[in-house]
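Colleague: Below are the sequence and a predicted model for it; my questions follow.
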Amino acid sequence: MDTEKRRVQVVTYGCQMNDHDSDRMVELLEPLGFVGTDDKLSADVIILNTCSVREKADQKLFSELGRLREWRAADPDRILAVGGCVAQGMGNDLLDRCRHLDLVFGTDQLAQLPDMVTRISAHRLRVAATEWRNADEFDFLPIRPQRRMEGTHAYVKIMKGCNKFCTYCIVPYVKGRELFRPAQEIIDEVRMLVENHGICEITLLGQTVTSYNLKNRQPGEPRFAELLLRVAEIEGLHRLRFMTGYPRDVHEDLLEAFRIQPVIQPHIHMPVQSGSDRILKLMNRGYTRAQYTEKMAALRAARPGLSLTSDIIVGFPGETEAEFLETISILEEIRYDSVYSFAYSERPGTRATSFEGSLPEPERRRRLVHLNGVQDAITTSLLAECIGKTSEVLVLGPSARDPLVLRGRTPEHRLVNFIGTAEVGELVQVSIDGAGRHTLKGAQIMIHAA
Ligand code: 5AD
Ligand code: SF4
């Protein structure tokens, strides 16, 4: 490796949105001569990309910062930075509370990162940059890879922020109101990734992507379904996905897009959060259980075989045992491929913190364990139902355990380990002959010329 290069380690907490931002951070620093590293000891810059959506984010951050005190002290040229939601929320306080921290930057200051790092290196300043963006001047940060990207898949951000104000959620407070990226910019970015970087699968990313231009639409800008159709037509793009969906936004135009455009893959991450109408109302989710299940049935009618995944919160304030069991029953009714399940945790400043009936921590845990047991059984049985079928698989590379076995994904986003000879990025037919707890097994079907 080039010894002139400086190294940056970005440690990511939280969701795909943050993973995506972390990749952008490394990419932005590349022109300054940085390369990414996973090795803390050899890093010149460490960035903690924080998340405040769940759990005790502040505590976790302070203990991690404590562990990095020695690393920072060992070399005065090193830079320790904190970005993401917690940084956005705490700003200058964070610099005050942690003397060995050099930089705090918010979720809208990504583009200024190279400049801030340069200034800190030159003048040893301590910088906090977490000002709210001004929506008028706000730009999305395009993907501009300096090198060829690895793999076959990329995320493309289409929106920022959230307007939904679910009562448990801190996202609208730390990320601000929803803001949509112009469609042409999204299309150009996808085209660039496909044409120049060998990407053949794209996931459009945002907190509630299906709300794209649903309200306050600028003249000439498409709604979400039309955006999907336009992106799907890009030559060389084989697979198009999106996350996260918002149940109330499922309308006829989205159903039609699923009916007519096979590049849109048969999987949607569509969080239900709870199966109880009373809890859904308290959560301010904007739909009833029946409305949700009807929309999912309509999606499945539009695209037979559609797989669904979800987020679930258990132990919301006041959730009775019967209401918890309604959540269990919606898992069984919908039969999700998988769910991300969370025990409710109080987020300061959100409305739910003042709701009555806070449940003891052990009870929240118990419900989580129970729910995970039920979901595991559903996942296992859905995977077992794939045995004997043939599936189109996009090859990701060698499997983690055995380099002679390949790893790929089905259209439904299921992972498959299979015996075969295909190259990364190829689409092949695989006959499924086994299922584990989370993955499928199979063998590539070889097509012999007659
Ligand atoms: N407690 C538990 N889970 C939460 N989520 C968001 N806020 C909270 C909270 N306060 C979960 C939701 C959301 C996912 C990203 O995180 O399920 O969909
Ligand atoms: Fe949070 Fe609700 Fe917005 Fe999702 S839709 S980010 S849960 S406020």
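Modeller: Done, it's in. Ligands and ions are numbered 1, 2, ... in the order given.
Colleague: how about the closest residue to ligand 2 within the stretch 301-450 of the chain, what does it touch?
Modeller: Evaluated by CB to the nearest ligand atom, the stretch 301-450 of the chain has Asp311 as its residue closest to ligand 2, separated by 7.7 Å. (C-beta placed from N, C-alpha, C; glycine too.) Applying CB atoms under 8 Å, 6 or more residues apart in numbering, we find Asp311 in contact with Thr244, His269, Pro271, Val272, Gln273, Val339, Tyr340, Ser341, Phe342.
Colleague: ok, now with 7 Å
Modeller: Taking CB atoms under 7 Å, 6 or more residues apart in numbering, we find Asp311 in contact with Pro271, Gln273, Val339, Tyr340.
Colleague: Now for Glu27, how many residues are close by?
Modeller: 19 (other CB atoms under 10 Å).
Colleague: Oh, that last question was meant for Ala111, not what I typed.
Modeller: 14.
Colleague: And the strand or helix carrying Ser431, how far out from the chain middle?
Modeller: Following DSSP states H and E, the helix or strand that holds Ser431 is strand 427-435. Counting by CA atoms, centre = their mean, to the nearest Å, strand 427-435 is centred 26 Å from the centre of its parent chain.
Colleague: What are the buried residues along that strand?
Modeller: Leu427, Val428, Val430, Ile432, Gly434, Ala435 (16 or more other CB atoms under 10 Å).
Colleague: Just give me the closest of the residues you listed to Leu32.
Modeller: Nearest to Leu32 among these, counting by CB to CB, is Leu427 at 37.9 Å.
Colleague: Tell me which residues touch that closest one, please.
Modeller: For Leu427, counting by CB under 7 Å, 6+ apart, the contacting residues are His238, Glu392, Leu394.
Colleague: Is the last one within a helix or a strand, and which one?
Modeller: In this assignment (DSSP H and E), Leu394 forms part of strand 390-398.
Colleague: Who are the packing partners of that strand?
Modeller: Under the contact definition 3 or more CB pairs under 7 Å, 6 or more residues apart in numbering; DSSP states H and E, strand 390-398 sits against strand 406-409, strand 415-419, strand 427-435.
Colleague: Just the C-alpha atoms of the host helix or strand of Glu189, please, in PDB.
Modeller: Here Glu189 is covered by helix 183-197, with elements defined by DSSP H and E. This file holds the C-alpha atoms of helix 183-197, laid out as PDB (Å, rounded to 0.1, in the frame of the first residue of the first chain):
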ATOM      1  CA  ALA A 183     -35.300  13.200 -10.300                       C
ATOM      2  CA  GLN A 184     -32.800  14.000 -13.000                       C
ATOM      3  CA  GLU A 185     -30.000  14.000 -10.500                       C
ATOM      4  CA  ILE A 186     -31.000  10.600  -9.200                       C
ATOM      5  CA  ILE A 187     -31.200   9.200 -12.800                       C
ATOM      6  CA  ASP A 188     -27.800  10.700 -13.700                       C
ATOM      7  CA  GLU A 189     -26.200   9.100 -10.700                       C
ATOM      8  CA  VAL A 190     -27.700   5.700 -11.300                       C
ATOM      9  CA  ARG A 191     -26.700   5.900 -15.000                       C
ATOM     10  CA  MET A 192     -23.100   6.800 -13.900                       C
ATOM     11  CA  LEU A 193     -22.900   3.900 -11.500                       C
ATOM     12  CA  VAL A 194     -24.200   1.400 -14.100                       C
ATOM     13  CA  GLU A 195     -22.100   2.700 -17.000                       C
ATOM     14  CA  ASN A 196     -18.800   3.400 -15.300                       C
ATOM     15  CA  HIS A 197     -18.700   1.200 -12.200                       C
END
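Colleague: Downstream of it, the next helix or strand is which one?
Modeller: strand 201-205.
Colleague: Tell me the residues of this protein that contact ligand 1?
Modeller: 15, 53-54, 168-169, 271, 273, 311, 313, 342, 344-345, 347 (CB under 6 Å from any ligand atom).
Colleague: Of those residues, which pair is most distant in space?
Modeller: Among the residues of the chain next to ligand 1, Cys15 and Tyr344 lie farthest apart (CB to CB), at 17.2 Å.
Colleague: List the buried residues of stretch 253-269.
Modeller: Buried, per 16+ other CB under 10 Å, within stretch 253-269: Leu254, Leu255, Ala257, Phe258, Gln261, Val263, Ile264, Gln265, Pro266, His267, Ile268, His269.
Colleague: Which parts of the stretch 251-400 of the chain are helices?
Modeller: Per DSSP state H, counting those that start in this stretch, the stretch 251-400 of the chain carries helices over the ranges 252-260, 277-283, 289-302, 321-334, 361-384.
Colleague: what about the fourth one, distance to the chain center?
Modeller: Averaging C-alpha positions (CA atoms, centre = their mean) puts helix 321-334 25 Å from its chain's average.
Colleague: and what of the third one?
Modeller: On the basis of CA atoms, centre = their mean, helix 289-302 is displaced by 23 Å from the centre of the chain it belongs to.
Colleague: If you count contacts, what does it end up packed against?
Modeller: So helix 289-302, by 3+ CB pairs under 7 Å, 6+ apart, packs with helix 252-260, helix 321-334.
Colleague: between the longest one and helix 361-384, how big is the angle?
Modeller: Angle between the axes of helix 321-334 and helix 361-384 is 10 degrees (criterion: axes from the mean of the first three to the mean of the last three CA atoms, to 10 degrees).
Colleague: Those residues of the stretch 51-200 of the chain touching ligand 2, which are they?
Modeller: Cys162, Lys164, Phe165, Cys166, Cys169, Val171, Pro172.
Colleague: same thing but at 5 Å, please
Modeller: Cys162, Lys164, Cys166, Cys169, Val171 (CB under 5 Å from any ligand atom).
Colleague: between those, which is closest to ligand 1?
Modeller: Nearest member of those to ligand 1, counting by CB to the nearest ligand atom, is Cys169, at 4.4 Å.
Colleague: doesn't the closest one fall inside a strand?
Modeller: No - Cys169 is assigned coil when assessed by DSSP: H, G, I helix; E, B strand; the rest coil, not a strand.
Colleague: shift numbering so it begins at 839
Modeller: With 839 as the first residue, the last one maps to Cys1007.
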